[in-house]
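In: Based on what follows, work out the 3D shape:
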Amino acid sequence: MPRQTSKTCTRCGQVKANQWFSECLTCTTGQTIDPFDERSRSWWQVRSLDSALLAASVIVLLLIIVGIGGPRIHLMYVHEAQVSSAHNVLQAIASHTEQAANEISTQDLNWLASTPNAPIHEGKPSGHAIRFDQDWAHQTWKRIGFQPTPRTSSHHFQLINRGDKLIIRAVADLDGDGELSVHDRSISRNTNGQFTSAGVLSYGDDL
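Out: The predicted structure follows:
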């Protein structure tokens, strides 16, 4: 809707020099000024110019902030999405492992071998995640029935057998600096003798 304008002052009813302001110069400044005097017009022009300069300064400042912080904010959301995806994979592995362990129902976990660690890499801070070629062909993944489609991922997943419990781990280098962040889910027997998994424990870099 177009802005409503008026030629008269809302306070005294006199004709205004500038229709975009609700009050005349006299009511605004407290001084009796001829609205059609050249000095009055100059006063309004200076006021309008000050407002325009202020608005332009705010716009420039916002553009600077977005230009500096925009890429960092974008990377932050990308990293959060990558971590969320890794947690979903950990949950899926935990579910398959719990089911397989409870179906076999042995007193120990020796039937599951640990999978290989994440490959060592030398990082240089880039802000972008290192990609891992995950090998899901290991016998342990087959034994728990977890066989996703092979693909590169920002996280390397592994299963670690500690004897009395299993650790399902996802490691990542989300900023490419060579330092890893770690997300663990442990699986152990509860008081009823059933294998159950705990929540995710996260630590290390990028967190």
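
In: hang on, isn't residue 189 packed against residue 109?
Out: No. Under the criterion of CB atoms under 8 Å, residue 189 lies out of contact with residue 109, with a separation of 9.5 Å. Any C-beta I mention is one placed from the backbone N, CA and C, and that applies to glycine too.

In: quick one, which of the two is more surrounded?
Out: residue 109 (20 against 15; other CB atoms under 10 Å).

In: What residue spans form the domains of the protein?
Out: Using automatic domain parsing, the domains assigned to the chain come out as 1-36, 88-204.

In: between the ones you listed, which gets the lowest average pLDDT?
Out: Of all the domains of the chain, mean pLDDT reaches its minimum on domain 1-36 (a mean of 56).

In: Please, which helix or strand holds the closest residue to residue 150 other than its chain neighbours?
Out: Closest residue in space to residue 150, ignoring its immediate chain neighbours: residue 136 at 5.7 Å, by CB to CB, 6 or more residues apart in numbering. Residue 136 is part of no helix or strand when elements are defined by DSSP states H and E.

In: separation between the closest residue to residue 138 other than its chain neighbours and residue 76?
Out: Leaving aside its sequence neighbours, residue 138 sits nearest to residue 115 (CB to CB, 6+ apart; 4.9 Å). Per CB to CB, to the nearest Å, residue 115 is found 30 Å from residue 76.

In: More neighbours: the two, which one.
Out: Using other CB under 10 Å, the more surrounded residue of residue 115 and residue 76 is residue 115, with 19 against 11.

In: ok, the more buried one - contacts?
Out: 138, 140-141, 157-160 (CB atoms under 8 Å, 6 or more residues apart in numbering).

In: So residue 110: helix, strand or coil?
Out: Secondary structure, DSSP: H, G, I helix; E, B strand; the rest coil: residue 110 is coil.

In: wait, residue 177
Out: coil.

In: Was I right to think it contacts residue 205?
Out: Yes. Residue 177 sits in contact with residue 205 when judged by CB under 8 Å, with a separation of 7.0 Å.

In: partners of the lengthiest strand in the chain, with directions?
Out: Among the segments of the chain that qualify as a strand by DSSP state E, the longest is strand 181-189. Using DSSP bridges, the strands paired with strand 181-189 are strand 166-172 (antiparallel), strand 195-197 (antiparallel), strand 201-204 (antiparallel).

In: What residues sit buried inside that strand?
Out: Neighbour-count burial for strand 181-189 flags 181-187 (criterion: 16 or more other CB atoms under 10 Å).

In: so which of the strands paired with strand 181-189 gets nearest residue 88?
Out: With CB to CB as the criterion, residue 88 lies closest to strand 166-172 of these, at 10.2 Å.

In: quick one: contacts of the closest one?
Out: Contacts for strand 166-172 (CB under 8 Å, 6+ apart): 82-83, 86-87, 89-90, 93-94, 97, 101, 109, 112, 118, 129-130, 154-160, 180-188, 197, 204, 206.

In: Next, count neighbours for residue 97.
Out: Number of residues near residue 97 (other CB under 10 Å) recorded here: 25.

In: Assign it to helix, strand or coil.
Out: Assignment for residue 97 (three-state DSSP): helix.
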